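J.: dropping the sequence and predicted coords here.
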Amino acid sequence: MTVKHTVQLKNITLGDGFPKICVPVLGGTEGEILEQARVAAGAEPDLVEWRADFYGGITDYGKAAGVLSALSEILGQIPILFTFRTGREGGNREISPEEYRELNLWAASRAETDLVDVEGRWPELQADRLTEAVHRMGKPVVASSHFFDRTPGRPELVSVFEELRDTGAEILKVAVMPESREDVLELLSVTLEMDRRLPNPLISMSMGSLGGISRASGRLTGSALTFGAAGNVSAPGQLPVAELRRMLELL
Ligand SMILES: O=C1C[C@@](O)(C(=O)O)C[C@@H](O)[C@@H]1O
């Protein structure tokens, strides 16, 4: 039997069998980011994701460092996931692999960052090398892959999880868009299979309203983290945090 690994982020244990809730913060300016962080903190999530691709000043590291430290002051003990989602994976901004690498290494070097999202299937990036470099800075990595227009079939989904695993990241995340009810069930079933096979904590979601159930079914499938909205949604189908928490408790 596969012995599952867990990842400790401050007081939160990812992969312990109880799905955790992460709230994205997506402001375009420092003021918007900090306002959203206050609202997010009020919802008492387990984690907050800073979607840095929305922030206009992100490439000015002096400014970005100020935002990160103000964010962390507001969030206190809530761990911060740093995510720069590129245009190629449904994010807000195009960026070269070199810039992406530099930005994520900068984020990893900051004490306020607890976890870094690395797009795991970007051939020009060499995600395994970036992951290794983030690890050298003492930070764990979520290797992610997004399909905003379809749900790959079972063999492809399995190989996506395996490719992400091969980057050396601790946590593996796959987000897909369903075109049918069967697509949603396939994502849930592949997640369960991979949760049995791989030691890594996994995160999966089927986006849009059709895939809504995938955001509340982590106890069943093994998905260790679900993204919920405190006002702002960063992907279609995210449920409000309070309702999401209630669903997770009931299930
Ligand atoms: O990768 C993910 C998952 C996500 O796309 C979702 O569907 O909830 C939301 C993003 O903010 C996050 O980076």
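T.: On my side now, so go ahead. Residues are numbered from 1 along each chain as shown.
J.: for the ligand, what are the nearby residues on the stretch 101-250 of the chain?
T.: 117, 144, 173, 175, 205, 207, 227, 234-235, 238 (CB under 6 Å from any ligand atom). Where you see a C-beta, it was placed from the backbone N, CA and C, and this is true even at glycine.
J.: redo that, cut-off 8 Å
T.: Residues of the stretch 101-250 of the chain lying close to the ligand (CB under 8 Å from any ligand atom) are 117, 144, 146, 173, 175, 203, 205, 207, 215, 226-227, 234-238.
J.: buried ones only from these, please, as a PyMOL command.
T.: This is how PyMOL selects the buried members of these, with burial counted by 16 or more other CB atoms under 10 Å:
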select buried, resi 117+144+146+173+175+203+205+207+215+226+227+234+235+237+238
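J.: which among the residues of the stretch 101-250 of the chain next to the ligand gets closest to residue 188?
T.: residue 205 (10.1 Å; CB to CB).
J.: got the buried residues for stretch 76-92?
T.: In stretch 76-92, counting by 16+ other CB under 10 Å, buried: 78-86, 89-92.
J.: neighbours of the nearest residue to residue 112 once chain neighbours are set aside, how many?
T.: Nearest residue to residue 112, sequence neighbours excluded (CB to CB, 6 or more residues apart in numbering): residue 72, at 3.8 Å. Using other CB atoms under 10 Å, residue 72 has 20 other residues around it.
J.: can you check residue 121 too?
T.: Counted with other CB under 10 Å, residues neighbouring residue 121 total 17.
J.: where does it land in three-state SS?
T.: coil (DSSP: H, G, I helix; E, B strand; the rest coil).
J.: does anything pack onto the helix or strand encompassing residue 245? Which helices or strands?
T.: According to DSSP states H and E, residue 245 maps onto helix 241-250. In terms of contacts (3 or more CB pairs under 8 Å, 6 or more residues apart in numbering; DSSP states H and E), helix 241-250 is packed against strand 20-25, strand 225-229.
J.: for the helix ranked longest in the chain, buried residues please.
T.: Scanning the chain for the longest helix, with DSSP state H as the assignment, gives helix 181-197. Across helix 181-197, burial judged by 16+ other CB under 10 Å covers 183-184, 186-188, 190-195.
J.: tell me which helix or strand comes right after it.
T.: strand 202-206.
J.: show residues contacting that next one.
T.: Residues from elsewhere that reach strand 202-206 (CB atoms under 8 Å, 6 or more residues apart in numbering): 142, 151, 161, 171-178, 183-184, 187-188, 190-191, 194-195, 211, 213-215, 221-227, 235, 237.
J.: export it to PDB, keeping only CA atoms.
T.: This file holds the C-alpha atoms of strand 202-206, laid out as PDB (Å, rounded to 0.1, in the frame of the first residue of the first chain):
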ATOM      1  CA  LEU A 202      -3.300  15.700  -4.800                       C
ATOM      2  CA  ILE A 203      -5.500  18.500  -5.700                       C
ATOM      3  CA  SER A 204      -8.100  18.200  -8.500                       C
ATOM      4  CA  MET A 205     -11.100  20.100  -9.700                       C
ATOM      5  CA  SER A 206     -13.600  20.000 -12.500                       C
END
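J.: got the angle between that strand and strand 20-25?
T.: Counting by axes from the mean of the first three to the mean of the last three CA atoms, to 10 degrees, strand 202-206 points 60 degrees away from the direction of strand 20-25.
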